[in-house]
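Participant: Can you look at this prediction? I've put the sequence above it.
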Amino acid sequence: MSTQRYSVTPHPIETLLTWVKSGEIAIPEIQRPFVWEATKVRNLLDSLYRGYPVGYLIAWRNPTIKLKDGTSALGKRILIDGQQRVTALMAALLGREVLTKDYETVRICIAFHPQEEKFEVANPAISKDGAWIKDVAEVFAPEASLTELTDIYAEKNPAADRKRVSRVFEKLRKIVNNHVGVIELADDLDIETVTEIFIRVNSAGTELSQADFAMSKIAVNETYGGNMLRKAIDYFCHLAVAPDFLARIEKGDKAFAASEFLPQMRWLKDVNDDIYDPTYTDMLRVAFTSEFGRGKLQDLVALLSGRNFETKQFEDVIAEQSFGKLKQGILAFINKTHFDRITMILRSAGFVTSDLIGGRNAVNFAYILYLRGRSEGMPAADLESLVRRWYAMSILRGRYTGSPETAFDVDIRQIAERGLGVYAHSVIENELPDSYWTGMLPQLMDTSSGQSPYFLAYQAAQVKLGDKGFLSRDISVLDLLLNRSDVHHVYPKAHLKTLGLSKGKYNQIANFVLAQSEINIAIGDKDPEKYFKELAEQCTGGKKKYGGITNVADMKANLRMHCLPEMLLEGAVPDYDAFLEERRRLMALKIKQWFEAL
């Protein structure tokens with residue numbers, strides 16, 4: 001018995017283009033912006049002209065939905081794989097404009113040389129050369145006549161073989177009769193299986209995700225405003241990175257400019273703060289989990305399709321409610337007060353630059369917590385502290401690094417069951433017991449990754465606790481991070497290399513301090529024994545070589561800020577391994593002090 005859950009049918013390209021124009025196959029306006037280079041469009045036409053295969057398209061018909069009056073409605077086909085190819089054909093053969101990854105609307109013109117039977121991307125030189133048809137869309141225009149095309153071309157190119165040119169035009173026109181295989185997934189496949197297929201399919205070398213599928217589902221829905229919601233998500237993400245894009249939306253997308261969404265995101269035009277620039281995946285995760293109390297995006301795909309999880313049927317009323325809830329979640333996400341507050345909370349914990357923000361999913365769940373706490377009416381100060389502590393716990397314990405969706409799902413369901421405050425406090429207590437700070441964390445800090453969550457947390461701790469830069473009298477760690485800082489090796493790299501140490505050893509995070517460039521340069525590759533001796537002399541009237549600290553008490557205070565043993569100043573410079581072990585212990589205690597201050 002066959003287990004094949006799809007059919008394969010060849011269709012002429014002309015039929016596919018007709019389906020797209022009539023909406024039979026849904027290629028949403030900005031489901032995925034067109035990312036192909038124009039040369040790839042040229043190559044596609046060349047392959048068709050030569051009769052080469054151009055791959056399969058994969059389509060899936062939305063599940064049949066029960067309408068409110070009890071009747072059923074067949075869903076549209078969604079193009080799961082092949083959108084870039086179909087969009088390329090629409091652009092080249094029908095002269096349609098496409099939306100680029102920069103959200104610019106452009107025409108892709110592919111030129112054709114009938115005598116050489118060659119395609120090329122149109123350019124100014126080709127446009128002036130009468131031997132080229134500068135835009136093949138002219139040949140495919142409904143009103144185009146082969147006789148007229150040949151006459152006009154022969155007039156411009158008297159030496160051309162008129163009969164041959166006519167045959168070439170005819171051959172070119174016939175490429176729309178070439179067949180492309182359409183793999184149609186069985187319409188009774190459940191959403192989970194289709195999602196799995198969707199994710200396994202590679203499109204133009206980019207692996208598709210749950211979020212891509214959710215975005216496809218949103219974008220093809222016009223009944224409940226999904227197409228506009230899709231734009232709101234895309235445009236917000238783009239504006240967060242490029243605020244000047246606002247003018248282009250206002251000028252180029254009048255329908256969206258007149259919608260309720262644009263006024264809600266206009267504030268982004270004045271924002272240059274980039275500690276959290278969300279992607280559409282981030283927005284979907286936050287909006288969905290906070291509003292629906294679920295963590296798996298495949299559930300969002302199912303709900304937007306109208307899935308009733310109890311009856312396993314698809315109902316129009318559930319699709320309508322789901323689009324309404326998702327819209328509320330997106331509006332809550334893009335709300336200026338909410339967005340300002342989550343970034344302020346991160347900054348107030350010491351994460352003052354995007355470089356200090358490690359895992360994006362930890363930020364996403366912190367935002368979910370904030371939105372839930374706000375909707376529950378938790379006092380602002382309590383909520384801010386709880387979000388700071390949860391975020392710190394998340395990054396220190398890697399809570400959302402392995403299977404973020406599963407972790408999101410568990411956490412949000414437990415919050416619904418046990419209450420936000422009770423659950424969050426119990427998790428934090430369980431994940432960060434006293435033994436974590438003295439036993440586990442120092443061991444975890446045995447790493448050479450400057451992007452490790454422990455080093456990021458350590459820098460945030462220095463910001464929050466108001467530390468000065470290494471050997472700096474006036475310049476703070478905050479100043480250094482916001483302007484320019486060097487990561488200085490306490491035991492200089494070049495010095496450790498002479499001892500035969502490997503990169504993984506000399507680049508240990510326990511050997512890093514943040515310093516002004518000039519202090520780092522002045523120390524250079526000196527043996528720590530030598531420069532710490534000079535620092536001691538600097539504090540007792542000697543020459544000022546490194547920074548502006550000139551008394552012993554201030555110098556020791558600076559070393560304490562940087563978790564460096566004071567004995568370094570007293571000439572007792574331990575061997576490198578002993579130094580690393582002691583510094584990890586002190587850094588872990590500093591992170592604990594920071595956490596308790598959150």
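Facilitator: It's in.

Participant: Return the residues in contact with the residue lying closest to residue 561 once chain neighbours are set aside.
Facilitator: Nearest in space to residue 561, with sequence neighbours left out and distances taken as C-beta to C-beta, 6 or more residues apart in numbering, is residue 467 at 4.2 Å. For every residue, glycine as well, the C-beta is placed using N, CA and C. Neighbouring residues of residue 467 by C-beta atoms under 8 Å, 6 or more residues apart in numbering: 476, 477, 561, 562.

Participant: Which pLDDT value belongs to residue 275?
Facilitator: With respect to pLDDT, residue 275 scores 89.

Participant: so who does it touch?
Facilitator: 343, 346, 347, 351, 352, 353, 354, 356, 357.

Participant: Just name the closest of those residues to residue 43, please.
Facilitator: Within these, distances to residue 43 taken as C-beta to C-beta reach their minimum at residue 354, with 37.7 Å.

Participant: per-residue confidence for the closest one?
Facilitator: Taking residue 354 on its own, its pLDDT is 90.

Participant: check contacts around residue 185.
Facilitator: Contacts of residue 185 (C-beta under 8 Å, 6+ apart): 5, 6, 58, 59, 60, 61, 80, 194, 197.

Participant: Tell me how many other residues surround residue 193.
Facilitator: 14 (other C-beta atoms under 10 Å).

Participant: how far away is the spatially closest residue to it that is not a sequence neighbour from residue 528?
Facilitator: Leaving out its chain neighbours, the residue that sits closest to residue 193 by C-beta to C-beta, 6+ apart is residue 5, at 7.5 Å. Distance from residue 5 to residue 528, counting by C-beta to C-beta, to the nearest Å: 66 Å.

Participant: Please apply the same query to residue 161.
Facilitator: Look at residue 161 and residue 528: by C-beta to C-beta, they are 83 Å apart.

Participant: quick one: which of these two has more around it?
Facilitator: Legend: neighbour count by other C-beta under 10 Å for residue 161 and residue 528, higher for residue 528 (19 against 13).

Participant: mind checking how far the more buried one is from residue 183?
Facilitator: 65 Å.

Participant: likewise residue 230?
Facilitator: 25 Å.

Participant: what about the two, which has more around it?
Facilitator: Using other C-beta under 10 Å as the criterion, residue 230 and residue 183 rank with residue 230 on top: 24 against 18.

Participant: Following the helix or strand where that one lies in sequence, what is the next regular element?
Facilitator: Assigned by DSSP states H and E, residue 230 belongs to helix 226-241. Next along the chain after helix 226-241, taking DSSP H and E as the criterion, comes helix 246-252.

Participant: So for the helix or strand following that following helix, what gets flagged as buried?
Facilitator: With elements assigned by DSSP H and E, the helix or strand that comes after helix 246-252 is helix 254-257. Of all the residues in helix 254-257, those buried under the rule 16 or more other C-beta atoms under 10 Å are residue 256.

Participant: Tell me the helices and strands packed up against the helix or strand that helix 254-257 is followed by.
Facilitator: Next helix or strand after helix 254-257 toward the C-terminus (DSSP H and E): helix 261-265. Secondary structure elements in contact with helix 261-265, counted by 3 or more C-beta pairs under 8 Å, 6 or more residues apart in numbering; DSSP states H and E, are helix 226-241, helix 316-334.

Participant: Pull out the buried residues from the helix ranked longest in the chain.
Facilitator: Longest among the helix segments of the chain by residue count, using DSSP state H, is helix 576-597. The neighbour-count check on helix 576-597 (16+ other C-beta under 10 Å) flags 576, 579-580, 582-588, 590-592, 594-595 as buried.

Participant: Give the other helices and strands that it contacts.
Facilitator: On a contact count with 3+ C-beta pairs under 8 Å, 6+ apart, helix 576-597 meets helix 380-397, helix 441-444, helix 453-464.

Participant: so can I have a markdown table of these showing mean neighbour count and mean pLDDT?
Facilitator: A markdown table is the format used below for these (neighbours: other C-beta atoms under 10 Å; pLDDT from 0 to 100):
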| stretch | mean neighbour count | mean pLDDT |
| --- | --- | --- |
| helix 380-397 | 20 | 97 |
| helix 441-444 | 18 | 96 |
| helix 453-464 | 24 | 97 |
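
Participant: Quick one: closest of these to residue 128.
Facilitator: The closest of those to residue 128 is helix 453-464. By C-beta to C-beta, the value is 56.5 Å.

Participant: ok and that closest one relative to helix 380-397, angle-wise?
Facilitator: Calculated by axes from the mean of the first three to the mean of the last three C-alpha atoms, to 10 degrees, helix 453-464 forms an angle of 150 degrees with helix 380-397.

Participant: And the helix or strand just after helix 453-464, what's buried?
Facilitator: Scanning forward in sequence from helix 453-464 by DSSP H and E, the next helix or strand is helix 477-482. Neighbour counts over helix 477-482 (16+ other C-beta under 10 Å) mark 477, 478, 479, 480, 481 as buried.

Participant: Let me know the closest of these to residue 552.
Facilitator: Nearest to residue 552, judged by C-beta to C-beta, of those is residue 477 at 21.9 Å.

Participant: how far away is the closest one from residue 465?
Facilitator: 9 Å.

Participant: now the most centrally placed residue in the chain: how far from residue 494?
Facilitator: Centroid check for the chain by C-alpha atoms, centre = their mean gives residue 279 as the closest residue, at 3.9 Å. If you measure residue 279 against residue 494 using C-beta to C-beta, the figure is 40 Å.

Participant: Please name the residues that touch residue 492.
Facilitator: With C-beta under 8 Å, 6+ apart, residue 492 has these contacts: 523, 524, 525, 526, 527, 528.

Participant: can we see that at 7 Å?
Facilitator: 523, 524, 525, 526 (C-beta atoms under 7 Å, 6 or more residues apart in numbering).

Participant: No further questions, thank you.
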